[in-house]
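S.K.: Requesting a structural model of the entry that follows:
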Amino acid sequence: MTRPPSTTAPTAGPPSGSHWLNRRRLVEVALLALMLLAPVAAHLLGEIYYVNLASRVALVAMAAVGLNLAIGFGGMISFGHAAYFGLGGYVAGISAHHAFEGSLVMGLPGSDNMLVIWLAAVLLCGLLALAIGAISLRTTGVYFIMITLAFAQMAYYFANSWPDYGGEDGLPIYLRNALPGIDTNHALSFFLICFTALVLSLALTSRLMRSRFGAALTMARLNETRLATAGISPFPIRLVAFVISAMITGLAGALYADLNGFVSPSMLSWHFSGELMVIVILGGVGRLYGPLAGAILFVMMETLLGGLTEYWQFFLGLVLLGVVLFAKQGVIGWLAGREHHG
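M.R.: Numbers count the residues shown, from 1 in each chain. Got it, this is the predicted structure:
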């Protein structure tokens, strides 16, 4: 006997994986478009302040992209990434200082060429992270957090007591470093340099996490025993990720020093490490574009609320509390909707 066709409407289920993926991509494209078009519009309106503010957002987001690689994708909760951000800044400042004076640094002439400075900053941050990571990654949990913090504070107090380069007063960069073929003193041109660096850091992170290395890093975070039984040691995988993470953050620091025309020990402070961690959490830990969303929200709150009250961080704390309690996937997860599998 043939069953009559059902007249009951199908029950709406959760959004499919493809629907969520398309929505997530739309959010990511919208963030990049906002990041690019807002300073262009500000430039056309003659609002140079907002162009420079966008440059700051891009560089803070880039520094957080580096931290997110360690925390979100690698499960390494580093509370010392300000050390690499500050080191990158001091590389730019010291090189520009000696280039301006025509003097030598460690037997080498200073340089105001951004390409040279970026290369030096990335290499030095990588070497520092290699040394710190080789020690700290032998621990886990709170011990790892405290060791990374301790190394960062050592760098902070060293810079604070280094009179040759300003000590606690910091080091001014009298002339912004140059990039061949580009007027780096032009606000929009410098923003485009920062934006390009941010996009490249996002592309690098995405490429890494889609590779076999990214799969191994994810497994090291989820179940290092299973990774070890597959014949892959978790330690070198984490160490490489930690080093790359520091290099990205250090490059952001070099550009940040040029943006401000100044570098000081505050760039190495644990306060900045905390700000980066807040940005990653706000945007979404382990989300590729989370640092960008978090940086936009953080800098907007700092700028808008900071102009109204000196206690703006109280409201930041409320927002952070709301994200932790009700939007654990961060701003990106909230905008894109919760990820569904199956």
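S.K.: mind listing the helices for the stretch 51-200 of the chain?
M.R.: Counting by DSSP state H, counting those that start in this stretch, one finds helices in the stretch 51-200 of the chain at the ranges 82-101, 114-136, 141-160, 187-210.
S.K.: Dump those to JSON lines, plus distance to Val27.
M.R.: For the C-beta atoms, the positions are set from N, CA and C on the backbone; glycine is no exception. Converted to JSON lines, the helices of the stretch 51-200 of the chain look like this (distance: least, Cβ to Cβ, whole Å):
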{"stretch": "helix 82-101", "distance to Val27": "27"}
{"stretch": "helix 114-136", "distance to Val27": "30"}
{"stretch": "helix 141-160", "distance to Val27": "31"}
{"stretch": "helix 187-210", "distance to Val27": "14"}
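S.K.: Select, out of the ones you listed, the one closest to Asn22.
M.R.: Among the helices of the stretch 51-200 of the chain, helix 187-210 comes nearest to Asn22, with 17.0 Å by Cβ to Cβ.
S.K.: packing partners for the next helix or strand after the closest one?
M.R.: Following helix 187-210 in sequence order, the next helix or strand is helix 212-222 (DSSP states H and E). When contacts are defined as 3 or more Cβ pairs under 8 Å, 6 or more residues apart in numbering; DSSP states H and E, helix 212-222 packs onto helix 187-210, helix 224-229, helix 234-260.
S.K.: Please work out which of those helices is packed deepest.
M.R.: Greatest average neighbour count among the helices and strands packed on helix 212-222 goes to helix 234-260 (a mean of 25), per mean count of other Cβ atoms under 10 Å.
S.K.: could you give the angle of that one to helix 114-136?
M.R.: 140 degrees (axes from the mean of the first three to the mean of the last three Cα atoms, to 10 degrees).
S.K.: Contacts only, for the residue nearest the centre of the chain.
M.R.: With distances taken as Cα atoms, centre = their mean, Ala64 lies nearest the centre of the chain, 1.8 Å away. Residues near Ala64 by Cβ atoms under 8 Å, 6 or more residues apart in numbering: 276, 279-280, 283, 291, 294-295.
S.K.: how about the residue nearest to it when sequence neighbours are not counted, secondary structure?
M.R.: Distance criterion Cβ to Cβ, 6 or more residues apart in numbering; nearest residue to Ala64, sequence neighbours excluded, is Pro291 at 3.4 Å. Under the three-state scheme (DSSP: H, G, I helix; E, B strand; the rest coil), Pro291 adopts helix.
S.K.: Alright, I will stop here.
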